[in-house]
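[1] Got a predicted structure here, sequence first:
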Amino acid sequence: MARAPGSERQLLVVYTGGTLGMRSERGVLVPSPGLAAVLRTLPTFHDAECARALGLPDDTLVLPPASPGPRVIYTVLQCQPLLDSSDMTITEWVEIAQTIERYYEQYHGFVVIHGTDTMAFAASVLSFALENLHKPVILTGAQVPIYALWSDSRENLLGALLMAGQYVIPEVCLFIQNQLFRGNRVTKVDTRRFGAFSSPNLPPLATMDADVTVAQDLVRTANGKDALVVHSSMERNVGILRLYPGIPASLVRAFLQPPLKGVVMETFGSGNAPTKPDLLQELQAAAERGLIIVNCSHCLWGPVTPGYASGLAEAGASIVSGFDMTSEAALAKLSFVLGQPGLSLGHRKKLLGKDLRGEMTVPVADKHRSSLQGTVLGRSVAWLFGLSGGQEVAALRDAMLPSLALAAAHASDLKALQALMELDSDLCLEDCNGQTPLHVAARRGQEGVVTMLLHRGADVDARDQDGLSPLLLAVRGRHQGTIGLLRMAGACLTPQDLEDTGTELCRLASRADTKGLQAWWQAGADLEQPGYDGRSALQVAEAAGNLEVVALLRSLGVASPEALPST
Ligand SMILES: NC(=O)C[C@H](N)C(=O)O
C-alpha cells in the first residue's frame, strides 16, 4: 500500500482502557486516566519543540520526525469510563465505531488503545460495524503497562501510530509486536508473551522490522465512491458454544433457548460434531425456530470443510460454514448480519456465507467450478478463480477481469458473469474503451443480462469513451425490452444525447423504420424535433406518403406542425 502523501497526518487516539494504561492499586492493575499527559513527557511520543513551532493546541501531541514519511500529529480521546477489556461488550464497541464516525472527516486515521483480552472481538465487531472504510483504524494494547520499565506498551503504541499515520491501509487492524494484522483474523493465544496474538489463516498485512514490509496483495482496497457507513444495530443475542466429547443434549438445548438468535458452534477438526440423535434433534429444533448456527473449528489453522460428518449434515439446513473464520470474527459477523433489519433468513445465511470484510477465505474456485464447466468461457473463469498468490497474479486477474466480463455479457453467460462479479464486487468492470458489461448487453438487447446487472447495482448512466450510454446503445439496436428495463432503472437521455435527434428521426421516417422511431419515443425523445432542414419526422413521412409511419407518429402523440399553435 502506498505511503501516505503530504507532510503531516492527523490521528485520533481513542483510549478505552486496558493494560497499556493501567496502574497498580492495592496490588492489582486498574485502568487509569491521564495517558496523554504521560505521553507528553516521553520524547519518543512528543516533540515539544515541533509542537511549539507548529502552534499546536495543548491537547495535541506530535511524534518526532520519522524519515521518510509525514509527521504524525495526534490527539488522545479518553473514554469514560476506562475499562478492562473483559468488561467491554458490543455496546462499547459500537460506541467506538460511532466515535470514529463523528471524527471521520477530521482525521487521517485512528488508533484504538484497548485491552488485549477481548481485542480480537473488538476488532472483529469494528470491522463489520465500519463499512467502506477509507482510513486506517488500528487497535493496539499491551501485556505490561507503559509505566513499567520493561514493557511492550511503548513499541506497540508507537508502531500503531506510525502505521496509521504513514500508510494508507483502509482496514480495521491490530498492531502487536511489530506486526499489523487484519483485525477480524486474529485471536489471543498467549497470556504472557508479548506476541500474544496469532492470525492463523492470514499472514500479517505488514511487518515492522528495520524496514516496513507491507503485503500489498493482502490489503483490501477501498471503493473510492462509497462513503463510510456505520452499522450501529448489532444483535446482542448471539453466543459461542464449544462442543466437547460427550456434551449432553440437555445442555445444548438449554444453551440454544430463545432469545438466542445465532450461535457460533465450535466443532471438532474440520467441522465434525457428535452424531448422537438426541443432540441432532436439539440442533434441528433450534433450526426450526430460525436460529442460525455457524460452524467454526476448534482448530486454529485451516477451514471447516463442506463434507463434515453425517450428523451435522442432517441438521445442515440451518448450519452455515464458517470456513476458516475465527470464532471471534464469526460471532461479530452473526451479530452484524442478524442486526440488519428486514432481511429474510435465507438472505442472512447468504450474507454469512460470503466474505464481507476479508474475515474468511471462501473457496471460490470450488464454489463455482462445477457450475462453470459448461462453456469454454466458464472454464476460463473457473481457472481465473483458482489462481491464488502474489501481486503478479492479482495484477493478471485484474487485467483479465473486464475483458472476461464483457465476453460473458456478450455471450449471455449469466453464470460466468455472476462469478466474475463476485471477484470484483464494485462492478467497475470496464474495458479500456470504457465499455461495461451493461453497454454490451444493452447493445445486443440481452434482457436477462441487463436485468441481472441492474439488479447487482451496475451503473445505469455509465458512459464509454465515445460518450455513449447503455440506453443510447439499446435505442440504436431498437431493443424495446431493454430500453424499458433501463428506463425503469432510472436511465434517461441527456441534452447531448438528443443533440442531432431531429435529423436522426427524419432519417428513420424516410426509411419507414417504425421500430427505430418507437425506440426513441420509448427512451423519452421528443418526436416533434425538427431535423437539419427544419422539417419534422411526421412531415418527412407525409411528404413520402408513408401512411404507416404517419399513423405510428400520430398514435405516439405527434401533431402536424400546422396543427400546433403558432407562437
Ligand atoms: N493485557 C491486557 O490488556 C489485559 C487486560 N485485562 C485487558 O484486556 O484489559
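    Looks like it arrived, so ask away.

[2] Okay, domains of this protein per the record?
    8-229, 238-352, 364-488, 501-563 (automatic domain parsing).

[3] and of these, who's closest to the ligand?
    Minimum separation from the ligand across these (CB to the nearest ligand atom) falls at domain 8-229, 1.9 Å. Heads up, the C-betas are built off the backbone N, CA and C, glycines and all.

[4] Is that closest one positioned near the ligand?
    Yes: against the ligand, domain 8-229 shows contacts by CB under 6 Å from any ligand atom at 18-19, 84-86, 115-117, 141, 143.

[5] can you check stretch 321-332 too?
    No: if you take CB under 6 Å from any ligand atom as the test, stretch 321-332 misses the ligand, and the best it gets is 13.6 Å.

[6] CA-only coordinates of that stretch in PDB, if you can.
    The C-alpha coordinates for stretch 321-332 follow below in PDB (Å, rounded to 0.1, in the frame of the first residue of the first chain):
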ATOM      1  CA  SER A 321     -20.000 -23.000   7.200                       C
ATOM      2  CA  GLY A 322     -17.600 -20.600   8.900                       C
ATOM      3  CA  PHE A 323     -14.700 -21.800   6.700                       C
ATOM      4  CA  ASP A 324     -11.500 -20.500   8.300                       C
ATOM      5  CA  MET A 325     -13.100 -17.800  10.400                       C
ATOM      6  CA  THR A 326     -12.000 -17.300  14.000                       C
ATOM      7  CA  SER A 327     -14.800 -17.700  16.500                       C
ATOM      8  CA  GLU A 328     -14.400 -14.000  17.400                       C
ATOM      9  CA  ALA A 329     -15.000 -13.000  13.700                       C
ATOM     10  CA  ALA A 330     -17.900 -15.400  13.400                       C
ATOM     11  CA  LEU A 331     -19.600 -14.000  16.500                       C
ATOM     12  CA  ALA A 332     -19.200 -10.500  15.300                       C
END
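
[7] give me the number of residues near residue 555?
    Using other CB atoms under 10 Å, residue 555 has 10 neighbouring residues.

[8] Dump the host helix or strand of residue 406 to CSV, restricted to CA.
    Element membership for residue 406, per DSSP states H and E: helix 391-410. In CSV, the C-alpha atoms belonging to helix 391-410 read as follows (Å, rounded to 0.1, in the frame of the first residue of the first chain):
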residue,chain,number,x,y,z
GLN,A,391,1.0,-9.4,-6.7
GLU,A,392,1.6,-10.6,-10.3
VAL,A,393,-1.3,-13.0,-10.1
ALA,A,394,-3.5,-10.3,-8.7
ALA,A,395,-2.4,-7.9,-11.5
LEU,A,396,-3.1,-10.6,-14.1
ARG,A,397,-6.5,-11.2,-12.7
ASP,A,398,-7.4,-7.5,-12.6
ALA,A,399,-6.2,-7.1,-16.2
MET,A,400,-8.3,-10.0,-17.4
LEU,A,401,-11.5,-9.4,-15.4
PRO,A,402,-13.0,-6.7,-17.6
SER,A,403,-12.4,-8.5,-20.9
LEU,A,404,-13.9,-11.7,-19.5
ALA,A,405,-16.9,-9.9,-18.0
LEU,A,406,-17.6,-8.2,-21.4
ALA,A,407,-17.2,-11.6,-23.1
ALA,A,408,-19.6,-13.1,-20.6
ALA,A,409,-22.1,-10.4,-21.2
HIS,A,410,-21.7,-10.7,-24.9
